[in-house]
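*Asks:* mind folding the following:
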Amino acid sequence: MNKRDAMSACAQPACLIVNADDYGYYDCVSRGILHSARHGVVTATGILATGKRFDEHITWLKDHADLDVGLHLNMTDREPLTRDMRNRLARWQGRFPPKFAVARAVMSGALPVPDVKLEWRAQIERCLDKGLTIRFINSHEHIHMLPPLFRLAGELAQEYGINHVRLPTSDWFRNWKPGAFIRDTLMKGLVVLNQGHLVHPAPAFIGMAESGRLSLVALRALLPRLKSGGVYELMCHPGFRVDAEIDNPQLFGYHDWEGELVALTSPEARTLLESHGIRLIGYRDLELRDGQLVAGDLAN
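*Replies:* From the prediction side, this is the model:
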């Protein structure tokens, strides 16, 4: 970047996509995401195409044309869409196993990447068949960060004309719990392995340490760190909590859906964005110029 470009970047605001994962997971989660988009700062959401009430949840999106949608590819929860994948998962009764079992199966070759490709293509096409414009790809529990699956996600993105694949990164020492430290260390290594396979630049990722429990306290810490001219994606998981709907009690241990919803719809969230000169955008606003992501009219 030359001196003129550097001065121009400094004059531009930081741009932020607030991306809610897990649309289609449960009714209460989908409704919470839509509430956070209409009354808060959420600008994008990733769809779980394997959701049990997929068709109904897709109809709810018709009143939210300004909300960007993408694919939250799944390999770690509930049932696959394809018969081939269900047969491959016979030892798990045809259901996706937990993420570490999937990781072992993929890396050992017990779960061949071509079978994953068929399943993920089916998930993409299920959304396209509903007339959705798919603007980005990420995955449930970041399973696409396994190097063979990251390359696969990139191939599918190119095949379907999807420009953006999430590259989730983590900040060490933001969460001192042993499990979080292990996760962050693994993610750092996966980023090093995968970033060279990005076909299109990805927004800088934030929110890993706050995953499942994003709060106003976290927003007060995160937002001032965004640099002028940068393009960022903040991962979040808002929702309403309806205990009768949640069929996996373990989720309560690491999801505070309503806490996130409150933070993301709080007037303070918008005040923080304004006070730090941060522009709220969607993936639809992004353009590529000289190998850099810029947003909308800032590209000129």
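
*Asks:* all helices of the stretch 151-300 of the chain, in order?
*Replies:* Per DSSP state H, counting those that start in this stretch, the stretch 151-300 of the chain carries helices over the ranges 178-194, 216-222, 257-265, 267-275.

*Asks:* how about low-confidence regions in the chain?
*Replies:* For the chain, the stretches flagged by pLDDT under 70 are 1-11, 172-183, 298-300.

*Asks:* tell me where it has strands.
*Replies:* Secondary structure of the chain by DSSP state E: the strands cover 14-23, 44-47, 68-73, 134-139, 164-165, 204-206, 231-236, 278-280, 286-289, 292-295.

*Asks:* of all those, which one comes closest to residue 99?
*Replies:* Closest to residue 99 of the strands of the chain, according to CB to CB: strand 134-139, at 9.9 Å. Backbone N, C-alpha and C define where each C-beta goes, glycine included.

*Asks:* quick check: angle from the closest one to strand 231-236?
*Replies:* 60 degrees (axes from the mean of the first three to the mean of the last three CA atoms, to 10 degrees).

*Asks:* tilt between strand 134-139 and strand 68-73?
*Replies:* Interaxial angle of strand 134-139 relative to strand 68-73 (the same axes, to 10 degrees): 30 degrees.

*Asks:* show me what counts as buried in stretch 136-154.
*Replies:* Across stretch 136-154, burial judged by 16 or more other CB atoms under 10 Å covers 136-146, 149-150, 152-154.

*Asks:* cool, and stretch 57-75?
*Replies:* For stretch 57-75, burial by neighbour count (16+ other CB under 10 Å) applies to 57-58, 60-61, 67-75.

*Asks:* same check on stretch 260-278?
*Replies:* Buried, per 16+ other CB under 10 Å, within stretch 260-278: 260, 261, 262, 263, 264, 265, 266, 269, 272, 273, 278.

*Asks:* if I read this right, residue 276 contacts residue 14, doesn't it?
*Replies:* Yes. The pair residue 276 / residue 14 is scored as a contact, 7.4 Å apart, by CB atoms under 8 Å.

*Asks:* quickly list what's touching both of those two.
*Replies:* With contacts taken as CB atoms under 8 Å, 6 or more residues apart in numbering, residue 276 and residue 14 have residue 226 as neighbours in common.

*Asks:* confirm for me that residue 234 is in contact with residue 206.
*Replies:* Yes. Using CB under 8 Å, residue 234 is in contact with residue 206, at 5.3 Å.

*Asks:* neighbour count: these two, which is higher?
*Replies:* residue 234 (26 against 21; other CB atoms under 10 Å).

*Asks:* how near is that one to residue 19?
*Replies:* 7 Å (CB to CB, to the nearest Å).

*Asks:* do residue 137 as well
*Replies:* The spacing between residue 137 and residue 19, counted by CB to CB, is 12 Å.

*Asks:* can you tell me the closest non-neighbouring residue to residue 284?
*Replies:* residue 68 (5.7 Å; CB to CB, 6 or more residues apart in numbering).

*Asks:* one more: residue 54?
*Replies:* Per CB to CB, 6+ apart, closest to residue 54 is residue 24, 5.8 Å.

*Asks:* do the same with residue 31
*Replies:* residue 240 (5.7 Å).

*Asks:* hmm, that neighbour is touching residue 32, no?
*Replies:* Yes. If you go by CB under 8 Å, residue 240 and residue 32 touch, sitting 4.4 Å apart.

*Asks:* any idea how far residue 70 is from the closest residue to residue 117 other than its chain neighbours?
*Replies:* Closest residue to residue 117 apart from its sequence neighbours, by CB to CB, 6+ apart: residue 152 at 5.7 Å. Distance of residue 152 to residue 70, given as CB to CB: 16 Å.

*Asks:* residue 194 and residue 144: what is the separation?
*Replies:* 9 Å.

*Asks:* quick one, what contacts the closest residue to residue 220 other than its chain neighbours?
*Replies:* In space, and not counting its chain neighbours, residue 220 is closest to residue 272: 6.7 Å by CB to CB, 6+ apart. For residue 272, the contacting residues are 219, 220, 223, 278, by CB under 8 Å, 6+ apart.

*Asks:* residues touching residue 40, list them.
*Replies:* Listed by CB under 8 Å, 6+ apart, the contact set of residue 40 reads 238, 261, 264, 265, 266, 269.

*Asks:* and if you look at residue 29?
*Replies:* Going by CB under 8 Å, 6+ apart, residue 29 touches 22, 23, 237, 239, 240, 257.

*Asks:* one more pass at 6 Å, please.
*Replies:* 22, 239 (CB atoms under 6 Å, 6 or more residues apart in numbering).
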